[in-house]
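Novice: Fold the following for me, if possible:
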Amino acid sequence: MTETWTYGPAKPPLPESTSVLRERIPGWGADLDPKDRPSVPKLQFDPHLSGAHWEFPERQPEKWPRERSIEHAFLTPVFGTSCPPRGLSGRIRRLAYARYSEGRTAHWLLLLGADRVDTLGSTLWSFASRHPDNLLTETGVLSELSHHGLSSRLGRKRTDTIHHPLDPLIVAGPWLLVAGVIYKALRRVARTRTG
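Specialist: All right, here's what the predicted structure looks like:
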């Protein structure tokens, strides 16, 4: 029932009646009488004039099972379709929505993890294509040298200078780790072939 209040023109009922609220809260409902409102001569209030031409919006067709929050009884009437969940990141997203409430940290951490898995998968997939990602130009490393990167950080009283020594580690660290793993794997294969 709360879903129709969320997406429809009807307002939810008050938890307490108007008379109870007026007794409990001094001044509550002072503007309920149109004569007490300074804007009434200009204000033409019509409770049926919401601008909507529907009682409940037309539902968008669901072409594949979409993830939705466990707090909602059904999928929202309109939803995005540009990035359907796919692969391992899609499974992680479905798990986050199926098991955890949006108020839980686990829900959001799983969604962040799914984004990282998707980014890693896209980068690895680009290496398998004819046009792999160019890590030097697309990460902005070269602009640090050509557009005064160091001088913009030093002596400017910037609040983000604390994490600057960590940036190269965070950006390059995973790539160096993957390169090290590949190097060790290739050495092991070479040893088994010669030995």
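Novice: quick one: average pLDDT of the top helix by length along the chain?
Specialist: Counting by DSSP state H, the longest helix found in the chain is helix 166-194. Helix 166-194 comes out with an average pLDDT of 86.
Novice: What about residue 92, how many residues nearby?
Specialist: 19 (other Cβ atoms under 10 Å). C-beta coordinates here come from the backbone N, C-alpha and C atoms, glycine included.
Novice: Quick check: which element contains it?
Specialist: helix 87-99 (DSSP states H and E).
Novice: Could you count how many residues lie near residue 32?
Specialist: Residues near residue 32, counting by other Cβ under 10 Å: 10.
Novice: and residue 94, what is it in contact with?
Specialist: For residue 94, the contact set (Cβ atoms under 8 Å, 6 or more residues apart in numbering) comprises 67, 85.
Novice: quick one: it from residue 102, how far?
Specialist: 14 Å (Cβ to Cβ, to the nearest Å).
Novice: ok so, going back, what residues sit buried inside the longest helix of the chain?
Specialist: Of all the residues in helix 166-194, not one is buried under the rule 16 or more other Cβ atoms under 10 Å.
Novice: Can you give the distance from that helix to the centre of its chain?
Specialist: 32 Å (Cα atoms, centre = their mean, to the nearest Å).
Novice: Low-confidence ranges, the protein, go.
Specialist: 1-10, 38-52, 155, 195 (pLDDT under 70).
Novice: now the strands: where do they sit in the chain?
Specialist: Counting by DSSP state E, the chain has no strands to list.
Novice: Going along the chain, name the helices of it.
Specialist: 2-7, 18-24, 87-99, 105-128, 135-138, 141-146, 166-194.
Novice: thinking again about what came up before, and the helix holding residue 92, how far out from the chain middle?
Specialist: 14 Å.
Novice: what are the C-alpha coordinates of it, in PDB please?
Specialist: C-alpha atoms of helix 87-99 as PDB (Å, rounded to 0.1, in the frame of the first residue of the first chain):
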ATOM      1  CA  GLY A  87      29.000 -11.700 -15.500                       C
ATOM      2  CA  LEU A  88      30.500 -11.900 -12.100                       C
ATOM      3  CA  SER A  89      29.800  -8.200 -11.300                       C
ATOM      4  CA  GLY A  90      26.200  -8.800 -12.100                       C
ATOM      5  CA  ARG A  91      26.000 -11.700  -9.800                       C
ATOM      6  CA  ILE A  92      27.600  -9.600  -7.000                       C
ATOM      7  CA  ARG A  93      25.000  -6.900  -7.600                       C
ATOM      8  CA  ARG A  94      22.100  -9.300  -7.500                       C
ATOM      9  CA  LEU A  95      23.400 -10.800  -4.200                       C
ATOM     10  CA  ALA A  96      23.600  -7.300  -2.700                       C
ATOM     11  CA  TYR A  97      20.000  -6.500  -3.600                       C
ATOM     12  CA  ALA A  98      18.600 -10.000  -2.800                       C
ATOM     13  CA  ARG A  99      20.200 -10.400   0.600                       C
END
